[in-house]
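Sequence plus the predicted model coming up.
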Amino acid sequence: MKPSVVEHLVGPLGRKTISTLRAVHHASRLINSSFYWAFLSPFRGRRLRVRASVSEIVKAGYNSVPIVAVISLFVGIILALQSAYQLKKVGALIYVANLVGVSITRELGPILTAIIVAGRSGSAFAAEIGSMKAAEEVDALVSMGINPVHFLVVPKLFALMLMMPALTVISDCIGIFGGFLLSTTVLEIHPYNYFQQTVNALLVKDVVTGLVKALAFGVVITIVGAYHGFAVEGGAEEVGRRTTASVVASIFLVIVFDLFFTALFYFFT
Amino acid sequence: MMETAIEIRDLVTHYGDREILRDVSFSIPRGRTTVILGGSGCGKSTLLKHLIGLLRPTKGAILINGMDITVMKEEELNGVRKRMGVLFQGAALLNSMTLADNVALPIREHTRLEESTIQIMVRMKLDLVGLSGFEDFYPSQLSGGMKKRAGIARAMALDPEFLFLDEPSAGLDPVTAAGLDELILKLRNVFKMTIVAVTHELSSLYTIADHVVMLDRGQVIFKGSLEGLRASDDPRIRGFLNRRPEAESYSPEDYFRFIAGD
């Protein structure tokens, strides 16, 4: 029997809705069990995977330090140059310090770090879990009575919840240092003045809101990577597809959450 | 009369809308090796996944030691799983860990033994499958047959009552496959385990089976002893045992209609 015109029109919409709802269902179950195994099960006598968490901290955090540092330094310099280009016109060159300090701590530090971590670790999470899924290793874990979320996702979640804020602090410091470097040499601002101006411009609130964002981004990146990893059904080709999808989705969601938090902090602090 | 270890009652299961298993009922005797036989796509691997609680059926019951695992909560099911060992088709060792860590994984997870005790247990299990000295190797450094042996060592880590083997000799050369069959026999004789093996290899079947269940298109077409299977005159069983290809099911008119896309 050939499908009717109505089916052609409404069918795809329905199928898309069902598949989207299913994805939401899977993702929320994953979030639920990740948080259960991370924060509730230790109180019910389950072991914390300290060694695995430390290994993830090294892989996701420590090994990201060089790339985060270099990119933050460059962005700090770029930001100082771009703001000097405008501020020079009104003779307010010293405000380069304010602009660099505030925009790095409130916005660019967390988001740059999140994008780097999503590209490095989020994709690695998806690829690792995905290839384990394809090789029946996840099934093997279940058959041994080991919860795959507890075994695979929780150490990654701890690692990113800890390392995203830590990397953001590094990014903040080095970004500001980049601005300082350029301002004191090319723009010929006195180092002490630049330092004073930055200290006066920055509020504890700016730094803290940045770190709260970073923490949330860490959760988003872990969950998205794990979700795409567990969604792998077929073989190697799908692992690749899911890895790409996880990077795109986590960068997108990081920016959505950034918008949300920025709006929240704008109105409520 | 043989004691029943696992009983499957009217199992029905679907992938989406497609029915994979249709009213499958049989029982698995304790302390014996049961082979689930069938061609590719007959649902035998799906059946195995139900037996180890990885998939839930649409309908029906699976009683392990009298308890229905299809209605158990995940937590209860994990209790049953501790008494099962599973060898997956590709062995499914964790590639990021050494063999010793792979075998130690279920022990570390479910017991609070001293590390030195665990090391001894690991060496015993690896010795049992003939892999002493390979403790520090990674799965990627092993051949296919060695991976399967290591998979068995891991499945045996907690001295299970039940051992499930998914295509144990698939993809192995005849000599390695024979060695593996030998190992399975040894496990049954020494440990009196209930072994369930899914396979389509006839040579394995003749070596290891005490009891045979044959599936065809999701239905049980034979259950009984190896002698019974050999003596059967069901054309599907004869075809399988004599390695005859299935008769073309298309008539020329059907084929024409099929390729014309109607």
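Ah, there it is.

Next, the buried residues of stretch B:134-144.
Across stretch B:134-144, burial judged by 16 or more other CB atoms under 10 Å in any protein chain shown covers B:134, B:135, B:138, B:139, B:142. Just so you know, the C-beta spots here come from the backbone N, C-alpha and C atoms, and that holds for glycine as well.

What of stretch B:51-71?
For stretch B:51-71, the neighbour count (16+ other CB under 10 Å) marks B:51-55, B:57, B:60-64, B:69-70 as buried.

For the stretch 51-200 of chain A, which residues are neighbours of chain B?
A:132, A:135, A:136, A:137, A:139, A:140, A:141, A:142, A:143, A:144, A:145, A:146 (CB under 8 Å from any CB of the partner chain).

Now do the nearest residue to residue B:84 once chain neighbours are set aside against chain A, distance only.
Counting by CB to CB, 6 or more residues apart in numbering or on different chains, residue B:84 lies nearest to residue B:162, which is 4.7 Å off, once chain neighbours are set aside. Residue B:162 sits 11 Å away from chain A, going by CB to the nearest CB, to the nearest Å.

Also residue B:207?
Between residue B:207 and chain A the computed distance is 25 Å (CB to the nearest CB).

So that residue sits against residue B:180, correct?
No. Contact criterion CB atoms under 8 Å: residue B:207 and residue B:180 do not qualify, at 9.7 Å.

between these two, which one's more packed in?
More crowded of residue B:207 and residue B:180, by other CB atoms under 10 Å in any protein chain shown: residue B:180, with 23 against 18.

tell me what the helix or strand the more buried one falls within is packed against?
Using DSSP states H and E, the element containing residue B:180 is helix B:174-191. In terms of contacts (3 or more CB pairs under 8 Å, 6 or more residues apart in numbering or on different chains; DSSP states H and E), helix B:174-191 is packed against strand B:33-37, helix B:144-155, strand B:194-199, helix B:202-208.

Which residue ranges of chain B form helices?
Taking DSSP state H to define them, one finds helices in chain B at B:44-51, B:74-81, B:99-110, B:115-128, B:144-155, B:174-191, B:202-208, B:226-231, B:235-241, B:252-260.

now the angle from the first one to strand B:194-199?
In this case it means helix B:44-51. Computed by axes from the mean of the first three to the mean of the last three CA atoms, to 10 degrees, the angle separating helix B:44-51 from strand B:194-199 equals 150 degrees.

can stretch A:229-236 be found next to chain B?
No. Using CB under 8 Å from any CB, we find that stretch A:229-236 stays clear of chain B, coming within 11.1 Å at best.

buried ones in that stretch?
Buried residues in stretch A:229-236 (16+ other CB under 10 Å): A:229, A:230, A:231, A:232.

Now do the end-to-end distance for it.
12 Å (CA to CA, to the nearest Å).

and if you look at stretch B:235-253?
Distance across stretch B:235-253, first residue to last, is 25 Å (CA to CA).

isn't residue B:154 right up against residue B:100?
No. Residue B:154 lies out of contact with residue B:100 (CB under 8 Å); the separation is 10.4 Å.

So for the two, which sits in the more crowded spot?
More crowded of residue B:154 and residue B:100, by other CB under 10 Å: residue B:154, with 29 against 20.

Compute the number of surrounding residues for residue A:215.
Look at residue A:215: counted by other CB under 10 Å, it has 17 neighbours.

packing partners for the one helix or strand it maps to?
Using DSSP H and E, residue A:215 falls within helix A:204-230. Based on contacts counted as 3+ CB pairs under 8 Å, 6+ apart, the elements that helix A:204-230 packs against are helix A:5-35, helix A:109-117, helix A:123-134, helix A:154-185, helix A:236-268.
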